[in-house]
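Trainee: generate a structure from the sequence data that follows.
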Amino acid sequence: MTAVLIAAFLWGTTGTAATFAPDVGPLAVGAAALGIGGLLQALVAVPALRRSRLHLQAHWKLVATGAAAVFVYPLAFYSSMHLAGVAIGTVISLASAPLASGILERVVDRRRLGNWWYLAALLGVTGSILLIVSTQRDDVAGGDATALGIGLGLVAAAAYALYSWVVQRLMLDGVGRAAAMGSVFGLGGASLVPVLLITGAPLLATPEAFAVGTYMALVPMFLGYVAFGFGLSKIPASSATTLTLIEPAVATVLAVVIVGERLTVTGWVGLSIFGFVLLILAFSPQPRQRNNMSARPALVNRD
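Mentor: Take a look at the predicted model:
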């Protein structure tokens, strides 16, 4: 749980960090962040990837699905924040992810989610809605741009839930944590390289832009996903994605304090709800699973 919270906190800084490179487009930011970060994941996982190569080949469709989701996520996520604002884009993308993750586990894995998860997800979505309706920006985006940003946020949420589910499914099938993360994020990162080459010139235009790109790739995307992968080996993907609801809370606070976005009393109430979500997930019991779908997949992982 702690590892997932660390990852979520680091991810919560990305929207604010991107505002320090205003001349860099969202596609370039997303491609640099998860493209380079994904390739670094694969680089550090080379020994594990070699050991698991036959197993990964047997699950190539699953790996390809996860990699496609990794490709879509940053492009949709950073475009959402660019169009709808840091707070709204982050909240929409992350608040919807637990629902998408839960649906995947329920429909595909036939996994019981438990009443505590439903309560945590409901509270998280409620808090997110309160944050959305209460956040105002000095340069408020037009209605069409905001609507498109919200739509892209939903796409990002589905992609995030999908690659989280794929990584955990690989681990449940016996692929080690490092190999699962390295294969999915490495392939996804490699697919983002052409986007970076086409759109990434502004990242080299100024020292500030280069620093932003370097920070995004190394800290939230590389270190953050190392922590997230460790967390996925300990708790179900639905719980992990619900825990990351702290990310929009962090992003909202940073957007208010640093970027200059405004939050009303209603928004602060929504923000406080996330504290209850964390308490519920920290102390609620995990439901028993059928078909040996253990809530603690670390027992079958070797790396």
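
Trainee: longest helix anywhere in the chain?
Mentor: The residue-count maximum for a helix in the chain (DSSP state H) belongs to helix 143-172.

Trainee: ok, then the element right after it?
Mentor: helix 177-199 (DSSP states H and E).

Trainee: and the one helix or strand Ile92 maps to, how far from the chain's centre?
Mentor: Applying DSSP H and E as the criterion places Ile92 in helix 86-107. Offset of helix 86-107 from its chain centre (CA atoms, centre = their mean, to the nearest Å): 9 Å.

Trainee: elements contacting it?
Mentor: Judged by 3 or more CB pairs under 8 Å, 6 or more residues apart in numbering; DSSP states H and E, helix 86-107 is in contact with helix 14-18, helix 60-84, helix 115-134, helix 143-172, helix 237-243, helix 246-254. All C-beta spots, glycine's among them, are computed from the backbone N, C-alpha and C.

Trainee: now do that helix, average pLDDT.
Mentor: For helix 86-107, mean pLDDT is 74.

Trainee: dump it to CSV, keeping only the CA atoms.
Mentor: The C-alpha trace of helix 86-107 is given here as CSV (Å, rounded to 0.1, in the frame of the first residue of the first chain):
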residue,chain,number,x,y,z
VAL,A,86,-4.4,20.4,-14.4
ALA,A,87,-7.0,19.7,-11.6
ILE,A,88,-9.9,18.6,-13.8
GLY,A,89,-7.8,16.6,-16.2
THR,A,90,-6.0,14.7,-13.4
VAL,A,91,-9.2,14.1,-11.4
ILE,A,92,-11.2,12.8,-14.4
SER,A,93,-8.3,10.5,-15.5
LEU,A,94,-7.7,9.0,-12.1
ALA,A,95,-11.1,9.0,-10.6
SER,A,96,-12.5,6.9,-13.4
ALA,A,97,-9.6,4.4,-13.3
PRO,A,98,-10.8,2.4,-10.2
LEU,A,99,-14.2,1.9,-11.8
ALA,A,100,-12.6,0.7,-15.1
SER,A,101,-10.2,-1.6,-13.1
GLY,A,102,-13.0,-3.0,-11.0
ILE,A,103,-15.1,-3.8,-14.1
LEU,A,104,-12.1,-5.6,-15.7
GLU,A,105,-11.5,-7.7,-12.6
ARG,A,106,-15.2,-8.5,-12.2
VAL,A,107,-16.0,-9.3,-15.8
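
Trainee: next, the buried residues of that helix.
Mentor: Residues of helix 86-107 classed as buried under the neighbour-count rule (16 or more other CB atoms under 10 Å) are 86-102, 104-105.

Trainee: got the angle between that helix and helix 246-254?
Mentor: Put simply, helix 86-107 runs at 170 degrees to helix 246-254, going by axes from the mean of the first three to the mean of the last three CA atoms, to 10 degrees.

Trainee: next, the angle from helix 86-107 to helix 60-84.
Mentor: Using the same axes, to 10 degrees, the inter-axis angle of helix 86-107 relative to helix 60-84 is 150 degrees.

Trainee: how much does helix 86-107 deviate in direction from helix 143-172?
Mentor: Using the same axes, to 10 degrees: helix 86-107 against helix 143-172 is 40 degrees.

Trainee: assumed Ile235 was part of a strand.
Mentor: No. Applying DSSP: H, G, I helix; E, B strand; the rest coil, one finds Ile235 to be coil, outside a strand.

Trainee: if I look at the nearest residue to it once chain neighbours are set aside, how far off is Leu104?
Mentor: Spatial nearest neighbour of Ile235, excluding adjacent residues (CB to CB, 6 or more residues apart in numbering): Met1 at 6.4 Å. Noted for Met1: a distance of 20 Å to Leu104, by CB to CB, to the nearest Å.

Trainee: for Val219, find the nearest of the helices and strands packed on helix 86-107.
Mentor: Closest of the helices and strands packed on helix 86-107 to Val219 is helix 14-18, at 8.7 Å (criterion: CB to CB).
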